[in-house]
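S.K.: Mind looking at a prediction? Sequence and model below.
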Amino acid sequence: MAVKKIGILVGREWSWPPAFIDEINRRAEDVTADFVKLAGTHMAEPCNYAVIVDRISHEIPYYRTFLKTVALAGTVVINNPFWWSADDKFFGASLATRLGLAHPRTVALPSQGYSDSIVAESLRNLTYPIPWDEHIDYLGGFPLILKPVWGGGMKRVYKVNSRDELWMVYNQTGTETMMLQEYIAWEKYVRCICIGEENIMTIKFDVTAPWPHRYFRDDHYLTLEEGERVVADAIKLNRALGYDMNAIEFALKDGVPYAIDFTNPAPDFDVNSLTPHYFDWVVKTMADYALDLALGERRQPPPFRWPNQIDQ
């Protein structure tokens, strides 16, 4: 029987890739894992990988082009490169709301500035000035969160406490598309590591602590009811997003989990962040999932169809 191959595309991360490769190669005689090596891609070329785990194509555009091509050839890519090319955090806010999940109220804003190649006529669909008072009232007043529609890692995320502070920060955002969001005065905060849509590890997460020391093991941090709802909401989001690998953050207030950040299709898997306990779970669970896909023992779920499945 031909040996199946699982490949990974990675950046500078050093702990998870070799652990994952070793786990696959230790377990299966008819499946091997290694780093994908590329030097150019021919159109419509076949691919000898059954599964590829993508950890870096959001930073290397050529990798995304390669992954779309091999997906056409039948390779299963984690995560689907066609969806990952299209997601953004404001769409996620709208999707979560349509799914009936708790989410902070959010407003997408026109960019503060534009490149020199954009002429005034290209902006004639925009109205000025921005109705700040209307947006602030809709969001429930200060404090508010201003953050990018695209991006992650808590980069360019600001908590603003007044109009003056909002305008000062907004005027520094340049051409980036930003969104303004209701602040949830949370009592508990968790991050869920998600693999294969339904394998959810809920972890106490301190967003105020210095990176990487934010994950803490506390098996009784959430009540049984809180934990069940967090897991159910995480599964619903993953299914709608089509993510087989994701991290979802929930801020809990009065027992209600608000989905705060849930488009993280290349989540941090570093052992120094996750701690050895959760790192081992990620290595083994991803190996289980990738092996099942490579051997044909499970299939990726069909794509989510908007708006029909939301209305069901």
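M.R.: Ah, there it is. Numbering: from 1, shown residues only.

S.K.: what's next to stretch 106-117, contact-wise?
M.R.: 90, 93, 123, 126, 130, 135, 138-139, 149, 170-182 (CB atoms under 8 Å, 6 or more residues apart in numbering). C-beta here means a position set from N, CA and C on the backbone, and glycine is covered the same way.

S.K.: In that stretch, which residues are buried?
M.R.: 106-109, 111-112 (16 or more other CB atoms under 10 Å).

S.K.: And it, end to end?
M.R.: 29 Å (CA to CA, to the nearest Å).

S.K.: What of stretch 142-156?
M.R.: Per CA to CA, stretch 142-156 runs 18 Å from first to last residue.

S.K.: contacting residues around that stretch?
M.R.: Contacts of stretch 142-156 (CB under 8 Å, 6+ apart): 88-90, 104, 108, 136, 157-162, 166, 169-170, 173, 176-183, 207, 261, 263-264.

S.K.: Kindly report the same for stretch 200-209.
M.R.: Contacts for stretch 200-209 (CB under 8 Å, 6+ apart): 154, 188-194, 213-218, 221-222, 227, 230-231, 234-235, 249, 274, 278, 281-282, 285.

S.K.: now swap in stretch 52-71 and tell me
M.R.: Under CB under 8 Å, 6+ apart, the answer for stretch 52-71 is 6-11, 13, 17, 20, 36, 38, 41, 43-45, 47, 49, 75-82, 84-85, 245, 265-266, 269, 286, 290.

S.K.: Now a ChimeraX select for only the buried ones of the residues you listed.
M.R.: Listed next is the ChimeraX selection for buried residues among those, using 16+ other CB under 10 Å:
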select :6,7,8,9,10,13,17,20,36,41,47,49,75,76,77,78,79,80,81,84,245,265,266,269,286,290
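
S.K.: Go through the contacts of stretch 52-71 and flag which are in helices.
M.R.: 17, 20, 81-82, 84, 286, 290 (DSSP state H).

S.K.: Check pLDDT for the residues you listed and point me to the minimum.
M.R.: Confidence by pLDDT is poorest for Trp84 among those, given 74.

S.K.: give the contact list for Gly174.
M.R.: 111-113.

S.K.: which residues in this protein form helices?
M.R.: Going by DSSP H, the chain shows helices at 16-27, 61-72, 81-84, 89-98, 132-139, 163-170, 224-241, 271-294, 308-311.
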